[in-house]
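In: Requesting a structural model of the entry that follows:
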Amino acid sequence: MNIGFIAHNSRKSLIENFCLAYKYILAKHELYATEMTGRRIEEATNLKVHKFLSGSVGGEEQFIDMIERDMLDLVIFFYNPIMNSPNEADIYAVTRTCDRYSIPIATNIATAESMVLGLANGDLDWRESREKIY
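Out: Down below sits the predicted model:
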């Protein structure tokens, strides 16, 4: 499966630790991330990550394009909901697009852990066997 990662600056350490904790599950899948997030994941885990542009210069639009083409199966997007972000419109654009195309998305550690453990258990296999409807 194709898994996408985005993490705003205040959440980069969280996504590194998350990927390190679930490295052996993630290693069985194709990983995609915005540039800095992908680089940090690679450095922390030694996993191969396909990197988009930085989020602020088009990486989030590349994510949206992959979602719209049904090329991502799962998105993990860690942002800080307490901080006002200049990227707030991008946060909503990514989450809305995931909802529109029925792509599971996690925006916090608890949901991300549930989804990755479900992925390991085969709970998301329906993504591979479904008929493309978009």
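In: which regions of the chain sit below the pLDDT cut-off?
Out: Within the chain, the segments meeting pLDDT under 70 span 83-90, 129-134.
In: For it, just list every one of the strands.
Out: 2-7, 30-33, 49-51, 74-78, 105-106 (DSSP state E).
In: TSV for those, including distance to residue 93 and mean neighbour count?
Out: The way it works is simple: take the backbone N, C-alpha and C, and place the C-beta from them, glycine included. Listed next are these as TSV, based on distance: least, CB to CB, whole Å; neighbours: other CB atoms under 10 Å:
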stretch	distance to residue 93	mean neighbour count
strand 2-7	11	24
strand 30-33	17	22
strand 49-51	20	18
strand 74-78	11	24
strand 105-106	12	20
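In: got TSV for those strands, with distance to residue 19 too?
Out: Putting these into TSV (distance: least, CB to CB, whole Å) gives the following:
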stretch	distance to residue 19
strand 2-7	8
strand 30-33	8
strand 49-51	9
strand 74-78	9
strand 105-106	13
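In: Return the distance of residue 66 relative to residue 10.
Out: Distance, residue 66 to residue 10, using CB to CB, to the nearest Å: 24 Å.
In: coming back round to it: closest one to residue 118 among the strands of the chain?
Out: Closest approach to residue 118 among those (CB to CB): strand 74-78, 9.4 Å.
In: just the CA coordinates of the closest one, formatted as PDB?
Out: The C-alpha coordinates for strand 74-78 follow below in PDB (Å, rounded to 0.1, in the frame of the first residue of the first chain):
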ATOM      1  CA  LEU A  74      -3.500   6.000   3.800                       C
ATOM      2  CA  VAL A  75      -2.400   9.500   4.900                       C
ATOM      3  CA  ILE A  76      -0.900  10.500   8.200                       C
ATOM      4  CA  PHE A  77      -0.800  14.300   8.700                       C
ATOM      5  CA  PHE A  78       0.500  15.500  12.000                       C
END
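In: That one pairs with which strands?
Out: Paired neighbours of strand 74-78 in the sheet (DSSP bridges): strand 2-7 (parallel), strand 105-106 (parallel).
In: Run through who's touching stretch 92-105.
Out: 6, 60, 63-64, 67-68, 70, 72-77, 107, 115, 124, 134 (CB atoms under 8 Å, 6 or more residues apart in numbering).
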